[in-house]
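In: Here is the input, now give the coordinates:
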Amino acid sequence: MISMNRGFKLLTATALALAVSACSFLQQQPEGTYEQDKTYKLTVLHTNDHHGRFWRDHKGRWGMSARMTLVNEIRQEVKDEGGNVLLLSGGDVNSGVPESDLQDAIPDFKGMNLLGYDAMAVGNHEFDKPRDVLMMQQDIADFPFLSANIIDEKTGSPLFKPYTTFEFDGLRVAVMGLTTIDTPKATDPANTAGLDFISPVKATSQLMPELKKASDIVIVSSHLGYYEDANHGVNSPGDVTLARNVDGIDMIFGGHSHQTLERPDKQNGTYIFQANELGKFIGRADFEFRNGVLKLVSYKLIPVNHKEITIKEDPAMLALLAPYHEKGAKLVEARVGSVDERLMGERSEVRFQPTDLGTMITQAFIEKTGADFATMNGGGIRASIPAGEITYKNILTVLPFGNTLTTVEMNGQEVMDYLNVVALKPANSGAFAHFSGIEMVIESGAVHDVRIGGEAIDLNKTYKMALLSFSAGGGDNYPNVKKMPGFVDTGFADAEVLREFTEKHSPLKVSDFTPAGIVRK
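Out: Residues are numbered from 1 along each chain as shown. The predicted structure is shown next:
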């Protein structure tokens, strides 16, 4: 048994690393080793979609130091009651804030080591950087990266461990990982070259007999997304589809869709959980297992330094992460490009008229997502970019709120309905909209003559729009599109998207971003 507040024994048979060729591995596993008439207590703690938030935000919320205080308190409580704890991540540790991105998420993974994570599902954003960075991160981690459905085409075997197992005084628990098959289209194709992302249902069905022999409880750590009643829209199928189509999964701890499930969904006997995003919450699920029967005793989402809850930050975690935070602060001062004239972003400009900076930002959104058109609320643009050298700090001053870039697919009629709200937002308000990729005439309180990609809008055609998460969720009284079937939160931070665009196209010419296509009469 391992002490160190985890109270479990991690099975590290050599054959486990070989993953799929597990016949020899199964022969080593005892069957039915739990004691009859004994009640086992298992608490699963989980987070997902961390996206680089190793440090608290500018309001003092979240962060791994406060998270560690909570985790340590819960571990001690569970230990005192004779139980055991697993700590799982639903993936997407990467991509979110520059202090993490510029350091390849090294502080985040080292922080996870100190927190004592037991396993992590591989998320799509783990592929945002070249493969060698991902492999470096896996080497740093003291816990396994899990994914049963990412197959190396050369070897025909999973790129990562499909699953790992734990033992608690004879109670055997298997944790399997799954990754969204949308990954190749959500990141640079070079980073997923040579990999086959197979159906999660297929991968799980193939492994389930093996998992049932190797364990008494089967857990999936998922980066597939939670879509209510399996309505996944343009996204690949998620956790509900998995649970409905594969028997024998006891619980799914998910990520990818950034959902806040205050109560678990239960499908086909499988509990499904997800804990929002960015380490804002720790999900806590308390189970009891007795004579082969698993029972959920309680579940709650615990806020991490928000919602009027103040949690003291763990000093050991602070000591680990502070040097990375300081280094990150220096890195954001680095030059990322240049511009020949000032890009207009003053309050008196962006809230009254389309500006070159608004055009540049929305063009960056389109380039990053492949959207047909993009919009940006003027109130989200907080400063100009002066002529001359551009630093990352300039970018962060323009977009300081840490929103993520989202997309939504709508038919032409839905686009018209959307524009007849957003394009009519008045001047002298933060809601005033900037656009790229679309033309229109605004006259007599309505939108007319809309053209997308140079062609008249087709009311039956499907279009993709890019916008920030703030606006997508109804900020500035924009229509809330987050529940539309075609909605996707990419997880890319707005400032990071603009930084990449600036680096790629520098030296910038302001004349290239002159607003065009929106005629107001």
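In: check contacts around the spatially closest residue to Tyr227 that is not a sequence neighbour.
Out: Closest residue to Tyr227 apart from its sequence neighbours, by Cβ to Cβ, 6 or more residues apart in numbering: Gly238 at 4.7 Å. For every residue, glycine as well, the C-beta is placed using N, CA and C. Contacts for Gly238 (Cβ atoms under 8 Å, 6 or more residues apart in numbering) come out as Thr180, Ser222, Leu224, Gly225, Tyr226, Tyr227, Ala230, His232, Gly254, His256, Ser257.
In: and with 10 Å instead?
Out: The contact partners of Gly238, by Cβ atoms under 10 Å, 6 or more residues apart in numbering, come to 178, 180, 200, 222-228, 230-232, 252, 254, 256-257, 259, 272, 274.
In: Next one: it relative to Pro200, how far apart?
Out: Between Gly238 and Pro200 the computed distance is 9 Å (Cβ to Cβ, to the nearest Å).
In: got it, and Leu331?
Out: Distance from Leu331 to Pro200, by Cβ to Cβ: 37 Å.
In: out of those two, which sits in the busier spot?
Out: Counted by other Cβ atoms under 10 Å, Leu331 and Pro200 do not tie: Pro200 has more neighbours, with 28 against 15.
In: can I assume the more buried one is in contact with Pro162?
Out: No: the criterion here is Cβ atoms under 10 Å, and Pro200 misses it with Pro162 at 11.3 Å.
In: Spit out the residues that contact the two alike.
Out: Residues touching both Pro200 and Pro162 by Cβ under 10 Å, 6+ apart: Ser147, Ala148, Asn149, Met176, Leu178.
In: would you say the last one is within a strand?
Out: Yes: with DSSP: H, G, I helix; E, B strand; the rest coil as the criterion, Leu178 is assigned to a strand.
In: Contact partners for it?
Out: 90-91, 121-122, 146-150, 162-163, 197, 199-201, 203-204, 220-224, 238-239, 242, 252, 254, 256.
In: List only those of those flagged as buried.
Out: Neighbour counting by 16 or more other Cβ atoms under 10 Å classes 90-91, 121-122, 146-150, 162-163, 197, 199-201, 203-204, 220-224, 238-239, 242, 252, 254, 256 among the contacts of Leu178 as buried.
In: quick check: domain ranges of the chain?
Out: Here the domain parsing of the chain from automatic domain parsing is 41-328, 332-520.
In: Could you say which of those is packed most deeply?
Out: A comparison of the domains of the chain by mean neighbour count, using mean count of other Cβ atoms under 10 Å, puts domain 41-328 on top with a mean of 20.
In: Now the terminal residues of that domain, how far apart.
Out: 41 Å (Cα to Cα, to the nearest Å).
In: Distance from the chain centre to that domain, please.
Out: Relative to its chain's centre, domain 41-328 lies at 10 Å (Cα atoms, centre = their mean, to the nearest Å).
In: For stretch 84-98, the averaged confidence score.
Out: Averaged across stretch 84-98, pLDDT comes to 93.
In: mind listing the strands for the stretch 301-450 of the chain?
Out: Secondary structure of the stretch 301-450 of the chain (DSSP state E, counting those that start in this stretch): strands located at 335-339, 373-377, 388-391, 404-411, 433-436, 438-443, 446-452.
In: May I see those organised as a markdown table, with mean pLDDT and distance to Thr69 added?
Out: Converted to a markdown table, those look like this (pLDDT from 0 to 100; distance: least, Cβ to Cβ, whole Å):
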| stretch | mean pLDDT | distance to Thr69 |
| --- | --- | --- |
| strand 335-339 | 97 | 36 |
| strand 373-377 | 97 | 36 |
| strand 388-391 | 96 | 34 |
| strand 404-411 | 96 | 26 |
| strand 433-436 | 98 | 42 |
| strand 438-443 | 96 | 48 |
| strand 446-452 | 97 | 50 |
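In: Out of these, which gets nearest to Asp37?
Out: Evaluated with Cβ to Cβ, the strands of the stretch 301-450 of the chain place strand 404-411 nearest to Asp37, the distance being 49.7 Å.
In: Quick one: list the elements packing against the closest one.
Out: Applying 3 or more Cβ pairs under 10 Å, 6 or more residues apart in numbering; DSSP states H and E, one finds that strand 404-411 contacts helix 356-369, helix 412-422, strand 462-468, helix 469-472, strand 487-493, helix 494-505.
In: re earlier: out of the contacts of Gly238, which sit inside strands?
Out: Among these, DSSP state E puts Leu178, Ser222, His223, Ile252, Gly254, Ile272, Gln274 in strands.
In: ok, the last one to Thr164 distance?
Out: Distance, Gln274 to Thr164, by Cβ to Cβ: 21 Å.
In: again, but for the first one
Out: Using Cβ to Cβ, one gets 14 Å for the distance from Leu178 to Thr164.
In: Quickly list what's touching both of the two.
Out: Common neighbours of Leu178 and Thr164 (Cβ under 10 Å, 6+ apart) are Leu146, Ser221.
In: partners of the closest residue to Asp265 other than its chain neighbours in the sheet?
Out: In space, and not counting its chain neighbours, Asp265 is closest to Ile272: 4.4 Å by Cβ to Cβ, 6+ apart. With DSSP bridges as the criterion, Ile272 is bridged to Ile252, Asp265.
In: Ile272 and Ala230 touch, don't they?
Out: No: here Ile272 lies out of contact with Ala230, judged by Cβ under 10 Å, at a distance of 11.1 Å.
In: Between those two, which contacts overlap?
Out: Gly238, Asp239, Val240, Leu242, Ala243.
In: Alpha carbons of the helix or strand harbouring Val175, as PDB, please.
Out: Per DSSP states H and E: Val175 is located in strand 171-179. The C-alpha coordinates for strand 171-179 follow below in PDB (Å, rounded to 0.1, in the frame of the first residue of the first chain):
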ATOM      1  CA  LEU A 171     -11.200  -3.900  -4.400                       C
ATOM      2  CA  ARG A 172     -10.000  -3.500  -8.000                       C
ATOM      3  CA  VAL A 173     -10.700  -0.400 -10.000                       C
ATOM      4  CA  ALA A 174     -10.000   0.100 -13.700                       C
ATOM      5  CA  VAL A 175      -9.700   3.600 -15.200                       C
ATOM      6  CA  MET A 176      -9.900   3.800 -19.000                       C
ATOM      7  CA  GLY A 177      -9.200   6.900 -21.100                       C
ATOM      8  CA  LEU A 178     -11.000   8.200 -24.300                       C
ATOM      9  CA  THR A 179     -10.400  11.100 -26.600                       C
END
